[in-house]
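*Asks:* structure, please.
(one chain, ligands or ions: 2)
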Amino acid sequence: MNTFANIIPAPTKLEYTSESLKLENISTFYTAEPFTGFAPAVQELFKSFSFDITSTAPDSAALAIVHSAMPEEAFSIEISPDKAVIAAGSQAGVFYALECLRQMLFTATIASPKGAVLTCGKLEDAPRFTFRSFHLDSARHFQNIDVIKRMLRMMASCRLNTFHWHLVDSQGWRLQLKTTAGLENRYTKTPGYYTADDIKEVVEFAAKHHISVIPEIDFPGHSRGTLNYFPQYACCNAAENPGEICLGNPASKEFVKNILAEVMELFPQSKYIHIGGDEANTANWEKCPLCRKAMQENSCKDMRELENIFMRDIAQFVIDNNRHPIIWGTCSGQTYQPETTIQAWLDIREPLRVAPNGNKVIYSVHTSLYFDYPQNLSEPWETWMFELSERGVYMTDPYIIWADKVKDCIIGTEACLWTETVPQWRIIPKILPRLHAYSECAWSDPAKKDYQDFHRRKELLEAAGYMDHLINRKA
Ligand code: ACM
Ligand code: ZN
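*Replies:* Ligands and ions are numbered 1, 2, ... in the order given. As a prediction, the model looks like this:
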């Protein structure tokens, strides 16, 4: 077994020899500053394969974790017949190196830990994109913290570093806030909401796994449940079941800003705040005297222009609070401040459209990165969905066309799991196996893409028990 040849996501650079290092000979380790905090994780890792490893001085260590000047998240693993050396320039780099070593230990011990060896050679790795994200919709169906932690662990093992948390939508408001008191108990399908303590627990757990959390509050559309509970923020003559916040009522904008102020307090570390902007219907705005007045006062040619003014104002509020807003791209010609990142989900041409305005782009186009779409037609699906296989995810690429024009504006990728058709128990089957395919789009060199080889590596890791470990892992 070549233990360097079965790693997901695929490494950038790999060389190996026919020599090997016996695992039973790795009985001592050394962690250099600033990585001494990894000592318990190293012991735990080897213990899970029935090997005891104790801390020792640098000269006598069979496994050394050392600091080396490298880009953020990069790492190397060098194995020689008598020693293994992990080098990185950051905590995230060591974390990823240990996750990589874990996969090597799984394949090394596939038959038995007895006599198991690691292949000698050197692996050097660094991510393709700095922004590697996964999105979960906790509004349509609620998930408990345990399931979210399980998902975060899987993300970390795939070296994804961002969790976009879709916390509110028409069918459920999953945040307990002062501004929206009582709304958290309103939902259409499953009950449940997150308290400030829950949020803290998730954010801290994610940080331990080198994942930052981006909360999303989606306005002005997707707000049916919110406006049923707070009708004063809907258009005054709106239909019985309004789905959009009134753009012309100053109190509505104040309401949104008060919510965002509380959200920023709950997520103090989040560089990005997602402010939605998704799929608003203009019909009620057209009929609303306040919206029509605002349209005239602002010399807007239509309601989309007024919506743009509303979203720019909300974006500015986020920018003034030293965060970066993210907005769903609508392909509608709306423009935003350069500090705003656009999430391209509808059309592969969205990056081309927004790049000239100086905005950065997250690539998450639905046809290849929406994990609610069925892997085959035995899964529940809705009319708007396409079939999306593991291979379909694997073959996607943000530079699919116009690479030269878009590559400076795309900061990374995101796979999205919407949950209209996904109750909690279906979350993990939806994520696996496509998360591993996606990880190679986010991390690995696209020039080396090879689906057959990916599939072979994945099957081998499955046979070695690695996927079971991901599902059952506790820490
Ligand atoms: C979306 O899928 N409507 C962002
Ligand atoms: Zn209105």
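*Asks:* what about the closest residue to S223 other than its chain neighbours, neighbour count?
*Replies:* Leaving aside its chain neighbours, S223 sits nearest to I245 (5.6 Å; criterion: C-beta to C-beta, 6 or more residues apart in numbering). Heads up, the C-betas are built off the backbone N, CA and C, glycines and all. Neighbour count of I245, defined by other C-beta atoms under 10 Å: 26.
*Asks:* can you pull the contacts of I245?
*Replies:* Contact analysis of I245 by C-beta atoms under 8 Å, 6 or more residues apart in numbering lists F219, P220, S223, T226, L227, Y233, A234, S252, F255, V256.
*Asks:* turn these into CSV, columns for neighbour count and secondary structure.
*Replies:* Output for these, formatted as CSV (neighbours: other C-beta atoms under 10 Å; DSSP: H, G, I helix; E, B strand; the rest coil):
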residue, neighbour count, secondary structure
F219, 25, strand
P220, 26, coil
S223, 26, coil
T226, 27, helix
L227, 23, helix
Y233, 22, helix
A234, 24, strand
S252, 24, helix
F255, 20, helix
V256, 23, helix
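*Asks:* rewinding a little: could you measure from the residue nearest to S223 over to ligand 1?
*Replies:* Going from I245 to ligand 1 by C-beta to the nearest ligand atom, to the nearest Å gives 17 Å.
*Asks:* before we move on, what about I110?
*Replies:* Applying C-beta to the nearest ligand atom, the value for I110 to ligand 1 is 40 Å.
*Asks:* could you find the closest non-adjacent residue to that residue?
*Replies:* Sequence neighbours aside, A464 is the residue nearest to I110 in space, at 4.4 Å (criterion: C-beta to C-beta, 6+ apart).
*Asks:* that neighbour: what's it in contact with?
*Replies:* Contacts for A464 (C-beta under 8 Å, 6+ apart) come out as F106, T107, T109, I110.
*Asks:* confirm V85 sits in a helix?
*Replies:* No. Counting by DSSP: H, G, I helix; E, B strand; the rest coil, V85 is not found in a helix; it is strand.
*Asks:* that one and A62 touch, don't they?
*Replies:* No. Assessed by C-beta atoms under 8 Å, V85 is found out of contact with A62, at 10.0 Å.
*Asks:* residues in the stretch 151-300 of the chain within reach of ligand 2, list them.
*Replies:* When proximity is defined by C-beta under 5 Å from the ion, the stretch 151-300 of the chain lies next to ligand 2 at C235, C246, G248, C288, L290, C291.
*Asks:* narrow the residues you listed to those in helices?
*Replies:* Among those, DSSP state H puts L290, C291 in helices.
*Asks:* out of the residues of the stretch 151-300 of the chain next to ligand 2, which two sit at the greatest distance?
*Replies:* C235 and G248 (7.8 Å; C-beta to C-beta).
*Asks:* between the two, who's got more neighbours?
*Replies:* Legend: neighbour count by other C-beta under 10 Å for C235 and G248, higher for C235 (26 against 22).
*Asks:* and the gap between the residue of the stretch 101-250 of the chain found nearest ligand 1 and ligand 2?
*Replies:* Nearest to ligand 1, among the residues of the stretch 101-250 of the chain, is H222, at 8.2 Å (C-beta to the nearest ligand atom). Separation of H222 from ligand 2 (C-beta to the ion, to the nearest Å) stands at 16 Å.
*Asks:* what sits against I400?
*Replies:* Taking C-beta under 8 Å, 6+ apart as the criterion, I400 is in contact with I348.
*Asks:* just to revisit the earlier point, identify those among the contacts of A464 that sit within helices.
*Replies:* Using DSSP H, the subset of these located in helices is F106, T107.
*Asks:* any chance of the contacts of A464 in TSV, with distance to ligand 2 too?
*Replies:* Below are the contacts of A464 laid out as TSV (distance: C-beta to the ion, whole Å):
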residue	distance to ligand 2
F106	57
T107	60
T109	64
I110	63
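*Asks:* of the contacts of A464, closest to V147?
*Replies:* Nearest to V147 among the contacts of A464: F106, at 23.6 Å, using C-beta to C-beta.
*Asks:* report pLDDT for that closest one.
*Replies:* pLDDT, the model's per-residue confidence, is 98 for F106.
*Asks:* now A238
*Replies:* pLDDT, A238: 69.
*Asks:* then the one 10 residues further on?
*Replies:* As predicted, G248 sits at a pLDDT of 97.
*Asks:* likewise for A475?
*Replies:* On the pLDDT scale, A475 is placed at 59.
*Asks:* what's the answer for I471, then?
*Replies:* Predicted confidence (pLDDT) for I471: 89.
*Asks:* measure it to ligand 1 for me?
*Replies:* 27 Å.
*Asks:* what's the neighbour count on T383?
*Replies:* Residues contacting T383 under the criterion other C-beta under 10 Å number 4.
*Asks:* correction: the previous question concerned N237.
*Replies:* N237 is flanked by 12 other residues according to other C-beta under 10 Å.
*Asks:* my guess is it meets L290, correct?
*Replies:* No. Using C-beta under 8 Å as the test, N237 is too far from L290 to be in contact (9.4 Å).
*Asks:* quick one: contacts for V147?
*Replies:* For V147, the contact set (C-beta under 8 Å, 6+ apart) comprises Q424, I427, I428.
*Asks:* can you pick the most crowded of those residues?
*Replies:* Among the contacts of V147, I427 has the most neighbours (other C-beta under 10 Å), with 20 neighbours.
*Asks:* need the nearest residue in space to that residue, chain neighbours excluded.
*Replies:* The shortest distance from I427 to any residue other than its chain neighbours is 5.7 Å, reached at V147 (C-beta to C-beta, 6+ apart).
*Asks:* I'd assumed the one you found was in a helix, is it?
*Replies:* Yes. Counting by three-state DSSP, V147 is found in a helix.
*Asks:* what separates it from L417, distance-wise?
*Replies:* Distance, V147 to L417, by C-beta to C-beta, to the nearest Å: 11 Å.
*Asks:* which neighbours do these two have in common?
*Replies:* With C-beta under 8 Å, 6+ apart, V147 and L417 have common neighbours I427.
*Asks:* mind listing what's buried along the helix or strand harbouring S368?
*Replies:* Per DSSP states H and E: S368 is located in helix 366-369. By neighbour count on 16 or more other C-beta atoms under 10 Å, the buried set for helix 366-369 is H366, S368, L369.
*Asks:* what's the answer for stretch 365-379, then?
*Replies:* Within stretch 365-379, judged by 16+ other C-beta under 10 Å, the buried ones are V365, H366, S368, L369, Y370, F371, D372, Y373, P374, Q375, E379.
*Asks:* nearest to ligand 2: which residue in the stretch 51-200 of the chain?
*Replies:* The stretch 51-200 of the chain approaches ligand 2 most closely through S170 (17.5 Å), counting by C-beta to the ion.
*Asks:* okay, buried residues for stretch 199-213 please.
*Replies:* Buried positions in stretch 199-213, judged by neighbour count with 16+ other C-beta under 10 Å: I199, V202, V203, F205, A206, H209, H210, I211, S212, V213.
*Asks:* what's the answer for stretch 38-51, then?
*Replies:* F38, A39, V42, Q43, L45, F46, F51.
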